[in-house]
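> sequence unknown, structure follows:
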């Protein structure tokens, strides 16, 4: 059968909104939108100021769809409230109200304004007196001409409430030019009004006296604002000096949306939390003035609960409710098909409650709940459909085949669609069923049969009837064998980590499928999330055994096996106890602390189904972060104990303790650590018996002697009042100086005396003390005082150019007695002629070497060079500078016109000589790198002229040769050739730098290897 489209009442998709229409606008019409979804489609009407509008053919008002168009709007005729009504056969709904208002801004009065009289140095206010307007305006003041606006600079302020211009303290510039007032209309930004002011008049001489603030521009005592809006408060004061404006909320925290810019306080998205009293404070050097006012937050209605579409049976009762929040509290009224509802006959209206008794078909329609306060109105709509239907089983017939288990129970629903609710009767065959010990017919019409036997099989029919008609539906009951557990799981004890299997077998009706499920303490077991601990032990249908692998303590509990078919189920349970090591003890407490013993108590943890056999106590100290077992009294702590004494502890030592419980299955997790305690001093406490170790020192600032040592472990301190005594003297002196360091954790001491010479050896010794006395002294160690920079420069500094970018620097060393410390090396500084020494590059050597090789210099450049010695304190004085000029660079042109001639086992190679240019160094010879192929080891040959004869095996057919010029500036650019033995004289014009040929691509790869080898040979 084909479905039919359900009819429904109008639902608004677009509703009219408020419109502000500027007077004099070039727009020729106003459009108020209205569109509703409905089936069948809706028709539309409009109300103005509560009265239905008539759309005459020649009227300025016309409907376009559901929209209302008003041509050539006129304030006198068209200003007011408008509502759209959408209707279809299902009912009528009313839209929210929308207002058409007309905006205007008149011109300023032409009457001449009185001049403003002021005294320079005092405050002044320039009144605005704006012309009639609607709605609001924005105000700007100008000086003399547009757009020279007066800035809001703290001294001047334009109120956006009154338009007045306030000046906290007038200055001479305020008296020079007339003012100009500009108004801008909110609805038409391009709409402006201007007003010119006359020249200001001064009253007497300038008054430079300072005076306290006086607040002149004040926000209202009560400011009402809607939640979610932007609230702006204004506050401005006269005063000399110009006052600072501060804001605060009295007796409360600052709102989160607070924006304060001196005279203005703005709170964005204001909420009820922002309600309260606000203070404006104006302050300067002469005093302060304050003003208080309240912000009162209100809100438009907002739905908390709305009505929804409802289908109800004829003759039943309906109760609808809606609720709205708002401030002031909204009032609620009800509409049906656009008409007000009041209490009468079957209708009861009580605020947000609507009750309809004994519903009739004519109660169907569109209902609206309307919540309103002075800030707005909200509408909630819903459709009520009153139904009158004869019983109909087409959507929910009685199940055609109803399986049931022998001895079990079956439930057969009877749920026809009917309005009003139908009366239900059940029959088996032709037998009318009534309630008995085995048969129950519920008030909802459901049939329940218990203790089912084979004789209960047959046809069962539900008869339903109301005043609209009657219907019936039949199902056949089929009785099946009951499901039974034939092998139930057995309770068991098992140890942690072992495996076990819980058995579960069942019998069932062979015509039905059987499934097994397991639960632990009534929580179903998810095999996919069991981390491999649970799995099926058998895939046979009648066997549901559960295998548990690597069993954990959390697997203890009651396991239930359920065998289930579509008609019944059977369950059996068993307890599984998992035995394991004990859980951690709790509540570890230390008491009765002495020098070598404490009393420790704890509370029992879980025994995990195996009695606790004994306890072990562990401790740790700052000496080692590892937990170690300690001696106790009694030595063996039995499982029923909850306290013991810990003995043989170190006096005056910090300890933490923890407890472990054990049973036959092993030791459990330890308890949490106790709080840290310190044992008392030993009863026979003595002075320290060993001296501190690790005596050393050195470094620091000039005039300092720094002495270091290793802090003594607590076990060697022997008690309270512990510290160190240092003795030191200059090597060779008789008298010792002493210093006391009273902190056990100290590890160094600094002795300062300006008379201490740098790097002077001192004899140093140390001993420890406590309140019982002093311990033995350590052996004497030699410690040097702080170093200072070397005081003598290296001598006989020479520099020699090496190639065009390198030089060697040599010098005579500084004597050790002049170093003021340990010589670390020398620093070479070099800079170009014309540069400042501060920009010098630096190279450092290490140790006692007296020469340095400097690279990366510029060719043919004059350099200045100095050398300094350095130690840990810094760098000493510079040597007198020496000068050096690097050589010119080598020729950049490679050898050309290379030719060769073979003669037996040798080859003679010659080339055109390389002639150096004026800016290049002279050519003193040539270097040739020869190799038979790209894999052989290269051989270097030197030539003083432009020819060379080299050996070449007769069986060699080719060779790779690289030739370059050399001289004082270094090696030039190489030329590369591939020599081929062809029985005669050959020549190849080769210039790898300027004319690369196609066959040289491979040769370039080889040349990179040859260049690297030449570099390694230091050509």
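Everything's here; your move. For clarity, every value in this text was computed on a predicted model and none was experimentally measured.

> Who are the contact partners of the nearest residue to residue 855 once chain neighbours are set aside?
Closest residue to residue 855 apart from its sequence neighbours, by Cβ to Cβ, 6 or more residues apart in numbering: residue 806 at 5.0 Å. In short, each C-beta sits where N, CA and C put it, glycine included. Contact analysis of residue 806 by Cβ atoms under 8 Å, 6 or more residues apart in numbering lists 853, 854, 855, 857, 886.

> do residue 770 as well
Residue 770 neighbours (Cβ under 8 Å, 6+ apart): 685, 687, 688, 717, 718, 719, 720, 721, 722, 723.

> Can you list phi and psi of the closest residue to the last one other than its chain neighbours for me?
In this case it means residue 723. On the basis of Cβ to Cβ, 6+ apart, the spatially nearest residue to residue 723 that is not a chain neighbour turns out to be residue 742, at 4.0 Å. Dihedral pair for residue 742: phi -90, psi 20, per degrees, to the nearest 10.

> for the helix or strand where residue 20 lies, which positions count as buried?
Assigned by DSSP states H and E, residue 20 belongs to strand 19-22. Buried residues in strand 19-22, counted by 16 or more other Cβ atoms under 10 Å: 19, 21, 22.

> Identify, from the residues you listed, the entry nearest to residue 711.
residue 19 (85.8 Å; Cβ to Cβ).

> hang on, the closest one packs against residue 103?
No - taking contacts as Cβ atoms under 8 Å, residue 19 lies outside contact range of residue 103: 10.1 Å.

> which residues of the chain score low on pLDDT?
Applying pLDDT under 70 to the chain flags the ranges 1-4, 144-147, 175-191, 196-207, 255-257, 982-1019.

> if we can go back for a sec, from the contacts of residue 806, which land in strands?
853, 854 (DSSP state E).

> Let me have the contacts of residue 806 in CSV, extended by neighbour count and distance to residue 281.
CSV is the format used below for the contacts of residue 806 (neighbours: other Cβ atoms under 10 Å; distance: Cβ to Cβ, whole Å):
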residue, neighbour count, distance to residue 281
853, 12, 75
854, 19, 71
855, 10, 72
857, 21, 71
886, 20, 75
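
> and residue 708, that one's in a strand?
Yes - Residue 708: assigned to a strand according to DSSP: H, G, I helix; E, B strand; the rest coil.

> residues in contact with it?
694, 695, 696, 697, 747, 748.

> Now a ChimeraX select for only the buried ones of the residues you listed.
With 16+ other Cβ under 10 Å as the criterion, this ChimeraX line picks the buried residues out of the contacts of residue 708:
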select :695,697
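
> With distance to residue 847 and secondary structure as new columns, can the contacts of residue 708 be given to me in JSON lines?
As requested, those are exported to JSON lines (distance: Cβ to Cβ, whole Å; DSSP: H, G, I helix; E, B strand; the rest coil):
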{"residue": "694", "distance to residue 847": "28", "secondary structure": "strand"}
{"residue": "695", "distance to residue 847": "28", "secondary structure": "strand"}
{"residue": "696", "distance to residue 847": "23", "secondary structure": "strand"}
{"residue": "697", "distance to residue 847": "24", "secondary structure": "strand"}
{"residue": "747", "distance to residue 847": "31", "secondary structure": "coil"}
{"residue": "748", "distance to residue 847": "29", "secondary structure": "strand"}
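
> which of the contacts of residue 708 lies closest to residue 481?
residue 747 (88.4 Å).
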